[in-house]
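Enquirer: What would the 3D arrangement of this be:
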Amino acid sequence: MTDAGGGNGILRQLELAHIDYGRLHHLFLTHTHTDHVLGVIWIIRKIATLMNQGSYDGEFHIYCHAEAVQVLQSMTAMMLKKKDRERLGSGIYIHEIHDQDVLSILDMELTVFDIHSTKALQFGYTIRFADGLKLTCLGDEPYDEHCRDLAKDSDWLLSEAFCLYGDRDRFKPYEKNHSTVKEACETAAALQAKHLVLYHTEDKNMAGRKNNYTDEGQSYFSNPIYVPDDLETIMLQ
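Expert: Numbers count the residues shown, from 1 in each chain. So this is what the prediction gives:
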């Protein structure tokens, strides 16, 4: 699991996605912006409760940079009841990670990288699956050339695209340090990605978003582009 949204709504989303908490054992936290970190406390609370009820087998691991470790420790100290807090270090573990760390998780090799954010410290990652497939998550800010060696030649590239290039004056993505579809697709082409997933978008025209983003993106990236709707499943291949 990557990030956890901005509150307890993550629990409902996991239910709608038919995610079994008993199979959820690893969470990667990219950074501490509220729309990414606040849901983590609800995940910790849920899994701690299941552990205390004897309804969860195994351990739960959270991976994040030092600043995020401090935030999670403060949140749990202030917000969780004692018996749930006591699960930290006893079933639930928060691991501090660093730029270029390589983690072995399940059958994957995950390489952490600093995305060189201009705002809060933020990590992305590249995953190598057992079958050799490569997936890269660029985080939620524009791509930085420092990440090229890890991000290039990905089978699947995940990139934020806040709005259409044609809507840049309306949504002002550059002021928020975000990309448009145009820049995200140009990046994917330059990195020779095989598939591109666009996310972290504005939500003013959800009905037309998929078609509009795909249509604009195809002018800059010729391989498949995915603009998933909420709870949509994408099969990696």
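
Enquirer: Can you name the next helix or strand after the strand or helix carrying residue 109?
Expert: Counting by DSSP states H and E, the element that carries residue 109 is strand 108-114. Helices and strands here follow DSSP H and E; after strand 108-114, the next one along the chain is strand 123-128.

Enquirer: Compute the inter-axis angle for that next one and strand 108-114.
Expert: With axes from the mean of the first three to the mean of the last three CA atoms, to 10 degrees applied, the angle from strand 123-128 to strand 108-114 works out at 150 degrees.

Enquirer: which other helices and strands contact strand 123-128?
Expert: Contacts defined by 3 or more CB pairs under 8 Å, 6 or more residues apart in numbering; DSSP states H and E place strand 123-128 against strand 108-114, strand 134-137, helix 148-151. For every residue, glycine as well, the C-beta is placed using N, CA and C.

Enquirer: Name the SS class of residue 132, please.
Expert: The three-state assignment at residue 132 reads coil, by DSSP: H, G, I helix; E, B strand; the rest coil.

Enquirer: how near is it to residue 155?
Expert: For residue 132, the distance to residue 155 under the criterion CB to CB, to the nearest Å works out to 9 Å.

Enquirer: hmm, back to that, for residue 5, which of the helices and strands packed on strand 123-128 is the nearest?
Expert: Using CB to CB as the measure, strand 134-137 is the one of those that comes nearest residue 5, at 15.5 Å.

Enquirer: Walk me through which strands that closest one pairs with, and which way each runs.
Expert: For strand 134-137, the pairing partners within the sheet under DSSP bridges are strand 123-128 (antiparallel), strand 156-160 (parallel).

Enquirer: Reformat those into TSV and put distance to residue 26 next to each item.
Expert: Supplementary listing: the strands paired with strand 134-137 in TSV, determined by distance: least, CB to CB, whole Å:
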stretch	distance to residue 26
strand 123-128	11
strand 156-160	17
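
Enquirer: Just send those back as TSV, with mean pLDDT too.
Expert: Compiled in TSV, those are given as follows (pLDDT from 0 to 100):
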stretch	mean pLDDT
strand 123-128	98
strand 156-160	98
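
Enquirer: Would you indicate which residues of the lengthiest helix in the chain are buried?
Expert: Longest helix of the chain, by residue count under DSSP state H: helix 34-52. Taking 16 or more other CB atoms under 10 Å as the basis for neighbour counts, the residues of helix 34-52 that come out buried are 36-51.

Enquirer: so the next helix-or-strand element following that helix versus helix 34-52, what angle?
Expert: Reading on from helix 34-52 to the C-terminus, the next helix or strand found by DSSP H and E is strand 60-64. The directions of strand 60-64 and helix 34-52 differ by 160 degrees, with the same axes, to 10 degrees as the criterion.

Enquirer: What average pLDDT does strand 60-64 get?
Expert: Computed over strand 60-64, the mean pLDDT rounds to 98.

Enquirer: Likewise for stretch 91-100?
Expert: Per-region confidence: stretch 91-100 scores 98 on mean pLDDT.
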